[in-house]
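Q: Got a predicted structure plus its sequence, pasted below:
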Amino acid sequence: MKKAVCSLFVLLALVLVASSISSHAQAQTKPSAKAVQTTKGVKVDFKDVKLANGLRVLIAEDHTAPVISLAVTYNTGSRNERQGRTGFAHLFEHMMFKGSENVGTGEHMLLVFNNGGNLNGSTNEDRTNYFEELPANQLDLALFLEADRMRSLPAAITKENLDNQRNAVQEERRLGVDNQPYGKTEEKFQETMYDNFTYKHSVIGSMQDLNAASVEDVIDFFHIYYAPNNAVLALVGDFKTDEALAKIKKYFEPIPSHAAPPPVDSTEPDQTAERRFTMEDQLARLPQLAIGYKGFVGNTPDFYAMQVLNQALASGQSSRLYQILVKEKELVANIFGFVREMRGPGYYQLTATLKPTTKFEDVEAVINEEIAKLQQEPIADWELQKAKNSARRFSVQALQSTLGVAIRLSQYGVYYNDPSLINTQFEKVDAVTKADVQRVANKYLKVTNRTVAQTVPKPKTAASPAGMER
């Protein structure tokens, strides 16, 4: 009994000490600007400034950890390429890591890694971005590196550097497209779906066009698109806003602005008939069916309604198509859908991996039947709530790192001229109604607006390996 009483007193003492420590910690810890809680969720507080040379700067303090994240997004992607130079925006992204006037070849990465940081860049149809994550005491390093290549990349553009990165991109194409199961199908799928060259070609580009790129092309591309007035910089992390802004001005404001790049026409004519093709793939082990519907633009009511539609139709194991095609009928090994966000007409794609004995027409019949139900009847309450719960989870998870916040702020600034979308995107999904889902199902999921790709495994022959592109 004495032992039990003694244990009780020890436990009580521990609880009181823990409570005291917790209270003290809460009193001493300042809430980060990133994690401001509202009734709607988590809100990012940021400062929006435009420098004299046109560079838009977005700054958000976050003292959760002693790190900073810098993201620079340029208003250029594969949509800005011309015929005969496909893959050029992505090739240029690689060139941005080959040095600048005051940074030697490979030094950008070396300096970041040696100071405990991380970095990368990426290109898609609508933008190119570059980002670093470093300890907070290396803010000047991050700003210097990004400013130096924005200002003086042509100083490091040589035939040797271009050939080196051309080979790297071509190898990336071999790994990701040419020698990847279903890779060629994915490339042809987008080419078949779109009419306008803006989105009709792939980001990676063709081997022929990559071979044709010259040093003069790279320099011209830099002068057209890589200017402060064609970019958005976002800085998030452990700093004081006024001090950080002063440093940004120091490094970036002396960089001269350029003439505005030519506008991009991404309009797409109405599709009036189904488009369909079949492709043999010697790397594929199972047949695959892809169905796409295009037309809705990102950050519009239709775009958010399509996201809710996908949650009901083909997102996760509770979705209609998964339950029927995978669980009940056992026709496919997997099926999923995704909504592709674009600044111009985006698309909705369903992809099913068939079992070896399954017929394409049987899978298409089920998909068509379920789409018809969406067009004729409203989705269930639980399906609508599932979509909204998923959107809320995504909106919160995307704010868990300073880098994620920086990338989204800069991208929304370029895409929609609205970085505050980082705080309102969930509300736009939350506003979607059952009627909205039914409306977009009838508007976009039409047979005449459909592109269908069937990939069939091609039996290998003794000569097949030699025929693969290398």
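A: Cool, the structure landed.

Q: can you tell me how far the residue nearest the centre of the chain sits from residue 340?
A: In the chain, the centroid-proximal residue (Cα atoms, centre = their mean) is residue 124; its distance is 7.8 Å. Distance check for residue 124 against residue 340: by Cβ to Cβ, to the nearest Å, it reads 10 Å. Quick note: C-beta positions are derived from backbone N, CA and C, even for glycine.

Q: what does residue 349 give?
A: For residue 349, the distance to residue 340 - Cβ to Cβ - is 7 Å.

Q: Just list the residues touching residue 170, thanks.
A: 207, 210 (Cβ atoms under 8 Å, 6 or more residues apart in numbering).

Q: Just read off the phi/psi values of it.
A: Backbone torsions of residue 170, given as degrees, to the nearest 10, read phi -70, psi -40.

Q: measure it to residue 182 for me?
A: 20 Å.

Q: Equivalent analysis for residue 222, please.
A: 35 Å.

Q: next one: residue 286
A: On the measure of Cβ to Cβ, residue 286 and residue 182 end up 10 Å apart.

Q: again with residue 418
A: 35 Å.

Q: thinking again about what came up before, more neighbours: residue 349 and residue 340, which one.
A: Neighbours per residue (other Cβ atoms under 10 Å) separate residue 349 from residue 340, with residue 349 holding more: 23 against 19.

Q: Angles on the backbone of the closest residue to that one other than its chain neighbours, please.
A: Sequence neighbours aside, residue 292 is the residue nearest to residue 349 in space, at 4.6 Å (criterion: Cβ to Cβ, 6 or more residues apart in numbering). Main-chain torsions, residue 292, degrees, to the nearest 10: phi -130, psi 150.

Q: Now do the contacts for residue 292.
A: Here residue 292 is in contact with 189, 193, 347, 348, 349, 350, 450, 451, 452 (Cβ under 8 Å, 6+ apart).

Q: so what are the domain limits for this structure?
A: Domain ranges of the chain: 43-252, 275-458, per automatic domain parsing.

Q: so which helix or strand takes in residue 223?
A: Take DSSP states H and E as the rule and residue 223 turns out to sit in helix 215-225.

Q: Show me which residues of that helix are buried.
A: 215, 217, 218, 221, 222, 224, 225 (16 or more other Cβ atoms under 10 Å).

Q: Give me the helices and strands touching that helix, please.
A: Helices and strands touching helix 215-225, by 3 or more Cβ pairs under 8 Å, 6 or more residues apart in numbering; DSSP states H and E, are helix 88-95, helix 159-173.

Q: most tightly surrounded among the ones you listed?
A: helix 88-95 (a mean of 24; mean count of other Cβ atoms under 10 Å).

Q: Which elements pack onto that helix?
A: strand 118-123, strand 128-135, helix 159-173, helix 215-225.

Q: Ok, which of the helices and strands packed on helix 215-225 comes nearest residue 299?
A: For the helices and strands packed on helix 215-225, proximity to residue 299 was assessed by Cβ to Cβ; helix 88-95 is nearest, at 21.7 Å.

Q: just checking, next helix/strand downstream of the closest one?
A: Using DSSP H and E, the helix or strand that follows helix 88-95 towards the C-terminus is helix 107-114.

Q: How far does that following helix sit from its chain's centre?
A: Relative to its chain's centre, helix 107-114 lies at 25 Å (Cα atoms, centre = their mean, to the nearest Å).

Q: now swap in stretch 358-374 and tell me
A: The chain centroid and the centroid of stretch 358-374 are separated by 29 Å under Cα atoms, centre = their mean.

Q: try stretch 46-66
A: Its chain's C-alpha centre and that of stretch 46-66 lie 21 Å apart, by Cα atoms, centre = their mean.

Q: Which positions in that stretch come out as buried?
A: For stretch 46-66, a neighbour-count test (16+ other Cβ under 10 Å) marks 46, 51, 53-64 as buried.

Q: Same list (these) but as CSV, adding secondary structure and distance to residue 316.
A: Converted to CSV, the buried residues of stretch 46-66 look like this (DSSP: H, G, I helix; E, B strand; the rest coil; distance: Cβ to Cβ, whole Å):
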residue, secondary structure, distance to residue 316
46, coil, 32
51, coil, 44
53, coil, 46
54, coil, 43
55, coil, 41
56, strand, 37
57, strand, 39
58, strand, 33
59, strand, 37
60, strand, 32
61, strand, 36
62, coil, 31
63, coil, 36
64, coil, 30
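
Q: Would you mind naming the residues that bridge with the closest residue to residue 128 other than its chain neighbours?
A: The shortest distance from residue 128 to any non-neighbouring residue, by Cβ to Cβ, 6+ apart, is to residue 74 (4.9 Å). According to DSSP bridges, the partner residues bridging residue 74 are residue 128, residue 231.

Q: Can I get the helices and strands packed on helix 215-225 in TSV including mean pLDDT and distance to residue 460?
A: Converted to TSV, these look like this (pLDDT from 0 to 100; distance: least, Cβ to Cβ, whole Å):
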stretch	mean pLDDT	distance to residue 460
helix 88-95	96	31
helix 159-173	95	22
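
Q: Take the ones you listed and write them to TSV, including distance to residue 269.
A: Listed next are the helices and strands packed on helix 215-225 as TSV, based on distance: least, Cβ to Cβ, whole Å:
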stretch	distance to residue 269
helix 88-95	24
helix 159-173	29
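
Q: follow-up on the earlier one: of the helices and strands packed on helix 88-95, give the one that comes closest to residue 276.
A: Of all the helices and strands packed on helix 88-95, helix 159-173 sits nearest to residue 276, with 25.8 Å by Cβ to Cβ.

Q: And the closest residue to residue 96 other than its chain neighbours, which helix or strand is it part of?
A: Spatial nearest neighbour of residue 96, chain neighbours left out: residue 149 (5.6 Å); criterion: Cβ to Cβ, 6+ apart. Take DSSP H and E as the rule and residue 149 turns out to sit in helix 139-152.

Q: for the record, mean pLDDT for that helix?
A: Mean per-residue pLDDT for helix 139-152: 97.

Q: Only the buried residues of it, if you could.
A: For helix 139-152, the neighbour count (16+ other Cβ under 10 Å) marks 139, 141-152 as buried.

Q: and if you look at stretch 327-335?
A: By neighbour count on 16+ other Cβ under 10 Å, the buried set for stretch 327-335 is 331, 332, 335.

Q: Show me which of those residues is closest to residue 358.
A: For the buried residues of stretch 327-335, the nearest to residue 358 is residue 331 (4.7 Å; Cβ to Cβ).

Q: Could you check the pLDDT of the closest one?
A: With respect to pLDDT, residue 331 has a value of 98.

Q: what ranges do the strands span in the stretch 251-400 of the chain?
A: 275-281, 288-297, 332-340, 345-354 (DSSP state E, counting those that start in this stretch).

Q: Of those, which stretch is the most buried?
A: When these are scored by mean count of other Cβ under 10 Å, the highest mean neighbour count falls to strand 345-354 (a mean of 23).

Q: Quick check: which helices or strands does that one pack against?
A: Strand 345-354 makes packing contacts with strand 288-297, helix 301-314, strand 332-340, helix 360-376 when contacts are defined by 3+ Cβ pairs under 8 Å, 6+ apart.

Q: For residue 95, see how far away residue 258 is.
A: Separation of residue 258 from residue 95 (Cβ to Cβ): 17 Å.

Q: so which of the strands of the stretch 251-400 of the chain gets nearest residue 161?
A: Nearest to residue 161, of the strands of the stretch 251-400 of the chain and by Cβ to Cβ, is strand 332-340 at 32.9 Å.
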